[in-house]
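Engineer: Sharing a model that was predicted from the sequence below.
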Protein chains: 2
Amino acid sequence: MRFIVADWGTTHFRGYLIENETVLDRVSSPEGVSALKPGQHRKVFMRQCGRWLDAEPKAPVLLVGMVGSREGWVVAPYASCPAGPAEIAKAMVPVDLDHGRQGYIIPGLFCEPAPGASDVMRGEETLVLGSGVENGLVCSPGTHPKWIAMRDGRIERFATYMTGEMYALLREHSMIGRPATEPEDPRGFDLGLEAASRNSGGADGERVGLLHLLFGARAAVVSGRMETGLLAPYLSGLLTGDEINGALSQFGRPSLVTILADQPRADLYRHALARHGIETAVKAPQEALIAGLAWIVRHHPAG
Amino acid sequence: MRFIVADWGTTHFRGYLIENETVLDRVSSPEGVSALKPGQHRKVFMRQCGRWLDAEPKAPVLLVGMVGSREGWVVAPYASCPAGPAEIAKAMVPVDLDHGRQGYIIPGLFCEPAPGASDVMRGEETLVLGSGVENGLVCSPGTHPKWIAMRDGRIERFATYMTGEMYALLREHSMIGRPATEPEDPRGFDLGLEAASRNSGGADGERVGLLHLLFGARAAVVSGRMETGLLAPYLSGLLTGDEINGALSQFGRPSLVTILADQPRADLYRHALARHGIETAVKAPQEALIAGLAWIVRHHPAG
């Protein structure tokens, strides 16, 4: 079966013509939703993917990512966890293309990690459905990494961390990260993971606070106890370590976590999880995305 | 006894002529150390305080704050904890004023909260010595709040949190704080404190991670479950709550904490600590600073 896909995020548009799980053709452009005004989306889509629509008059058209957010083409309201491909396909929102054709925007997911608390994803639901994990814990790293508990092929619940954005904030705007110099000394990553263990609430219950450990990086630099080349990897290790502490507290300690990331990011998680005695499987995000889209399209009445 | 003081921080110069603990005269200017180049400090000091030097030829001269940092006049190396007024007075570093007079820069303090870990303060050591607390826990809020354990009139150890700077980062530069609107709804502060309890490692050991709770604020806004007027106070409550969780984990749970802050900041801490059943005493920072300086000058051989 052939289908047409737009992976349409904040900063990029990526179009694919797919047969089963093979990419036959692709386009990409910097026309992310943040660069567009209301009413421009159809024109962009048709310019990028119109020739595939003409060539494949029966192919379903799916759109995934921030294209369904308030800043996107049409709002695709969040579906609620637990959700599998059937629930997600059912909650897709149609958009009118040219010549009476319709595309379908895949909704994001909402979950309530505790009474009154909130979490959301938009795009990762498709990746994780394509991860091949029916039961188990999946991690999708990035600006806002997601940890996702799969059960019987459905997304049971998930938790997001602002790890990547926090790293960028600290490096670009804070007194904590400003003294960092290059070349980076990668041994700082392990020092940061080690520091994070002081906030794990482990055997001795120690939980000194991330805000304290972050200041400690500055204190180590200004007191001459840390070389400035160690600082950036240290902050990365500390934030990643604290993310993992939190995820293991929320989801328990599985023997295996599946990481949806390319190298070298996947290696950093593999290394950090090994400290907890947890093994990792790695799957490339693009491969997972295509597999997830194929899975959803098979559950779609228009598919 | 009269003495002359410069409270010289990153952004401001504040000079005081003091008799015992009474301020007889004062000056201030925006000539903080970050605005000055090497070699300019003496001239600024003499222009601001020179008339007091002439009028009080015997008065000791003390300088406190970032004036002793690497960006300051002369580096006053950190003294080590535990330290009381005698150790701090002994570690003061002289600077040459005009006419053969000398001033003394009060050193900051270093402590090692765990093997290999670091913490520093510069200025707060003087405040806390003037807090009147001989034994107990003192909190000095600010950009980088300090929690300080006093024992027998000496600073035993302390922990710094980057709470204030983190709040500013989130408000000014992040996707998390960007949707915040005014007027602020102060009820958000309590919601943030409540959320922080999910990271306290309390009775049920729940420790979901600050990076997760921060993203949760964004998730609540984009899913329509939080009014944007609540967001800024919510982030303030969440960060303050997580700071307090960490401090209580490090220093135990005293029945009383002394807060060195003006209103309304002192009230926020009072309110947040009351949730833990902890009472607060409040002392104004300027009063504590003057008292601490008087205490140190009495221990100084030149005093």
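Structural biologist: Noted; the coordinates are in hand. Numbers count the residues shown, from 1 in each chain, chains lettered A, B, ... in the order given.
Engineer: Does A:Glu112 touch A:Ser118 like I think?
Structural biologist: Yes: with contacts counted by CB atoms under 8 Å, A:Glu112 reaches A:Ser118, the gap being 6.6 Å. Every residue, glycine included, has its C-beta placed from N, CA and C.
Engineer: So between those two, which is more surrounded?
Structural biologist: Higher neighbour count among A:Glu112 and A:Ser118: A:Ser118, with 23 against 15, using other CB atoms under 10 Å in any protein chain shown.
Engineer: ok, the more buried one - contacts?
Structural biologist: Residues near A:Ser118 by CB atoms under 8 Å, 6 or more residues apart in numbering or on different chains: A:110-112, B:216, B:219-220, B:223, B:225-226.
Engineer: For stretch A:264-276, which residues meet the burial criterion?
Structural biologist: A:265-266, A:268-270, A:272-273 (16 or more other CB atoms under 10 Å in any protein chain shown).
Engineer: Go ahead and name everything in contact with it.
Structural biologist: Applying CB under 8 Å, 6+ apart, the set of residues contacting stretch A:264-276 from outside is A:139, A:141, A:189, A:193, A:236-237, A:240-241, A:244, A:248, A:253, A:257, A:259, A:261, A:279-280, A:282.
Engineer: What distance do you get for the residue sitting nearest the centre point of chain A to chain B?
Structural biologist: Nearest to the geometric centre of chain A sits A:Ser140, at 4.5 Å (CA atoms, centre = their mean). According to CB to the nearest CB, to the nearest Å, A:Ser140 and chain B sit 13 Å apart.
Engineer: Over to A:Pro30?
Structural biologist: Distance from A:Pro30 to chain B, counting by CB to the nearest CB: 19 Å.
Engineer: Chain neighbours aside, what residue packs nearest to that residue?
Structural biologist: Counting by CB to CB, 6 or more residues apart in numbering or on different chains, A:Pro30 lies nearest to A:His12, which is 6.2 Å off, once chain neighbours are set aside.
Engineer: Around that neighbour, how many other residues sit close by?
Structural biologist: Counted with other CB under 10 Å, residues neighbouring A:His12 total 16.
Engineer: Quick one: residues contacting it.
Structural biologist: Counting by CB under 8 Å, 6+ apart, A:His12 touches A:28-32.
Engineer: Would you reformat these as JSON lines and include secondary structure?
Structural biologist: Below are the contacts of A:His12 laid out as JSON lines (DSSP: H, G, I helix; E, B strand; the rest coil):
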{"residue": "A:Ser28", "secondary structure": "strand"}
{"residue": "A:Ser29", "secondary structure": "strand"}
{"residue": "A:Pro30", "secondary structure": "coil"}
{"residue": "A:Glu31", "secondary structure": "coil"}
{"residue": "A:Gly32", "secondary structure": "coil"}
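Engineer: Let's see the ChimeraX selection covering just the buried ones among the residues you listed.
Structural biologist: Buried residues among those (16+ other CB under 10 Å), as a ChimeraX selection:
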select /A:31,32
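Engineer: quick one: the helices in the stretch 1-150 of chain A?
Structural biologist: Assigned by DSSP state H, counting those that start in this stretch, the helices in the stretch 1-150 of chain A fall at A:41-55, A:85-90, A:124-129.
Engineer: just checking, what packs against the first one?
Structural biologist: The contact analysis (3 or more CB pairs under 8 Å, 6 or more residues apart in numbering or on different chains; DSSP states H and E) places helix A:41-55 against strand A:2-8, strand A:13-19, strand A:22-29, strand A:61-64, strand A:93-96.
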